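Engineer: I would like to see how this sequence folds:
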Amino acid sequence: MLDHLTVVKHPLIQHKLTLMREKDTPTAVFRQLLREISQLLAFEITRELPMTTKRIETPICEMDAPVLDGRKLALVSILRAGNGLLDGVLELIPSARVGFVGLYRDEETLQPVQYYFKVPPELDNRLVIAVDPMLATGNSSAAAIDLLKGAGASDIRFLCLLAAPEGVARMKAAHPDVPIVTAALDERLNEKGYIVPGLGDAGDRMYGTK
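Structural biologist: All right, here's what the predicted structure looks like:
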C-alpha cells in the first residue's frame with residue numbers, strides 16, 4: 001500500500017456501486033449493498049497486515065500456520081454514515097476494537113464541527129482504519145485524522161466508498177502518510193460540496209431520513 005490513493009476496480013464492487021448510485025434503490029437494499037462492498041474493500045485495505053505463525057494440529061498432523069500478528073486493529077467510524085462501512089468490516093474482523101468520531105458538516109462553511117470522540121486505548125500500537133462512505137471536500141476526514149493522531153495513532157488508513165479529486169487532494173496535503181482506499185474516484189464537487197455524479201447523501205440514503 002505505497003500509493004496515496006487506491007481505487008479498487010473489482011467487477012463485483014463496481015456492479016454493486018452502480019446499484020447504490022441509482023436514485024430509486026430502496027433504503028434496505030442500499031444498506032445491504034454498502035455492507036457487501038465494505039467487505040470487498042476490506043480485503044484491499046488489510047492486504048498487508050503483519051503475520052506470524054502458531055503451532056496447530058490439523059486432523060492429519062501438526063503444522064506452523066499463519067495468523068495475524070500484533071495488537072488487534074482499530075476500526076473508527078466517522079459518524080453517522082461511517083457505520084454502514086463499519087458493520088461490514090466488523091463482520092470480517094469481529095475482534096477489532098471500535099471507535100467513533102462524531103462530525104457534522106456546517107452547510108454554510110462546509111467545515112466540520114465535532115460533537116463526539118471515543119476511541120480504543122493504545123492507538124499508537126494498532127493499525128487504525130477510519131471509515132466514511134464519502135470523501136467529498138475532505139475537511140471532515142482530515143479533521144477526524146487530526147483527532148486520531150492526537151490520540152496517538154500513527155499507522156492510519158482511510159476507507160471510503162466514493163472520493164472526489166478535491167477531497168483526495170485535501171487529504172494528501174493534510175495527511176500524506178494516510179493511504180486512501182476507495183471504490184471510485186468521481187468527477188468533482190458541485191457548489192454545495194456534494195460529489196458528482198456521486199449517490200447523494202449516504203447517511204440519508206442509509207437511514208431513510210430524506
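
Engineer: Okay, buried residues for the longest helix seen in the chain please.
Structural biologist: Using DSSP state H to define each element, the chain has its longest helix at helix 27-45. For helix 27-45, burial by neighbour count (16 or more other CB atoms under 10 Å) applies to 30-42, 44-45. Just so you know, the C-beta spots here come from the backbone N, C-alpha and C atoms, and that holds for glycine as well.

Engineer: buried ones in stretch 106-123?
Structural biologist: Per 16+ other CB under 10 Å, stretch 106-123 contains these buried residues: 112, 117, 119-120, 123.

Engineer: Now do the strands in this structure.
Structural biologist: 5-7, 51-57, 62-68, 74-79, 97-105, 112-118, 127-131, 134-135, 155-159, 162-163, 180-182, 184-185, 188-189, 195-196 (DSSP state E).

Engineer: List of residues touching stretch 53-70?
Structural biologist: 49-52, 125-127 (CB atoms under 8 Å, 6 or more residues apart in numbering).

Engineer: Could you find the closest non-adjacent residue to R31?
Structural biologist: M206 (5.4 Å; CB to CB, 6 or more residues apart in numbering).

Engineer: T6 too?
Structural biologist: Nearest one to T6, counting by CB to CB, 6+ apart, is V181 at 4.8 Å.

Engineer: who does the one you found bridge with?
Structural biologist: T6, L159 (DSSP bridges).

Engineer: and the residue nearest to R31, how many residues sit next to it?
Structural biologist: 18 (other CB atoms under 10 Å).

Engineer: Over to the one 3 residues further on?
Structural biologist: Taking other CB under 10 Å as the criterion, the count of residues near T209 is 10.

Engineer: what does N125 give?
Structural biologist: That count, for N125 with other CB under 10 Å as the rule, works out to 14.

Engineer: Next up, the contacts around it.
Structural biologist: Counting by CB under 8 Å, 6+ apart, N125 has contacts 70-71.

Engineer: can you pull the pLDDT of it?
Structural biologist: Predicted confidence (pLDDT) for N125: 90.

Engineer: Also the one 4 residues further on?
Structural biologist: Residue-level confidence at I129 comes out at 96, pLDDT.

Engineer: The one 5 residues further on too?
Structural biologist: According to the prediction, M134 has pLDDT 92.

Engineer: which phi and psi does T46 have?
Structural biologist: phi -100, psi 10 (degrees, to the nearest 10).

Engineer: Please disregard the earlier target; I meant K192.
Structural biologist: Torsion angles, degrees, to the nearest 10, at K192: phi -100, psi 0.

Engineer: So what's the residue count around it?
Structural biologist: Residues near K192, counting by other CB under 10 Å: 8.

Engineer: for stretch 75-90, the distance to its chain's centre please.
Structural biologist: 7 Å (CA atoms, centre = their mean, to the nearest Å).

Engineer: Report the contact partners of the residue nearest to T6.
Structural biologist: So V181 contacts 1, 6, 8, 41, 44-45, 157-160 (CB under 8 Å, 6+ apart).
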